[in-house]
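S.K.: The sequence and its predicted three-dimensional model are supplied below.
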Amino acid sequence: MTEPKDMPHSRTEIGKAELELSATPFFNDIIRELTGALQDVVGQRETEGFISLVGARIGVSINQSYRNALEVAELSREQISQVLVDLKRRISGQFQVEYEDEEKIVLSNSRCPFGSNVIDRPSLCMMTANVFGRIVADNTGYARVDIEEAIARGDKGCKVIVYFNPPERPDNVSKEFFRVSS
């Protein structure tokens with residue numbers, strides 16, 4: 001097939017055009033738009049439910065990948081906090097452990113893996129909550145995750161607290177996780 005002679009640009013010129021178009025931003029845009037459409041159609045709570053299902057599945061997979069790579073049946077508490085920070089680093093997040101003891105891990109984050117696409121999409125925080133919750137619960141038996149601050153909600157950073165024990169009194173804020181795999 002030949003190109004018509006009156007076309008102003010050749011395929012070579014188009015292929016060299018400077019565009020900000022690559023796989024990661026493209027897929028982040030898809031996630032943002034899908035999340036926004038879900039929030040608009042079914043609401044915030046239901047969207048969080050859908051994102052939670054995806055996050056839990058990804059959490060199981062990531063947990064198994066780390067276990068396999070480290071050649072362990074379960075991650076230790078020390079390894080868990082390192083894994084949570086490392087997995088976010090690998091996907092362009094900037095999490096760090098602010099505090100850790102026998103009861104909880106407090107993590108902060110200054111860069112979301114979703115970048116600016118997370119703004120006004122707080123349901124995407126369920127990805128972090130569920131991935132973290134799944135990893136911790138499947139290695140310790142239980143996890144409770146609170147996202148106290150979130151870039152998605154307009155905060156300058158994220159603050160995520162992962163608890164190793166159930167609360168004395170139930171609350172409606174925390175997401176609870178129980179071991180489902182061995």
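M.R.: The structure has been received and is ready for your questions. For clarity, every value in this text was computed on a predicted model and none was experimentally measured.

S.K.: Which stretches in the protein count as strands?
M.R.: Here the chain has its strands, by DSSP state E, at 95-100, 104-109, 142-149, 158-163, 175-178.

S.K.: Sheet partners, orientation included, of the second one?
M.R.: Strand 104-109 has its sheet partners listed here by DSSP bridges as strand 95-100 (antiparallel), strand 158-163 (antiparallel).

S.K.: one step back: residue 133: which of the strands of the chain is closest?
M.R.: Checking the strands of the chain against residue 133 by CB to CB gives strand 175-178 as the closest, at 3.7 Å. Any C-beta I mention is one placed from the backbone N, CA and C, and that applies to glycine too.

S.K.: packing partners for that closest one?
M.R.: On a contact count with 3 or more CB pairs under 8 Å, 6 or more residues apart in numbering; DSSP states H and E, strand 175-178 meets helix 125-140, strand 142-149.

S.K.: what comes into contact with that strand?
M.R.: 52, 126, 129-130, 133-134, 136-137, 141-146, 166 (CB atoms under 8 Å, 6 or more residues apart in numbering).

S.K.: Farthest pair within those residues?
M.R.: Taking CB to CB as the measure, these span a maximum distance of 21.6 Å, between 126 and 141.
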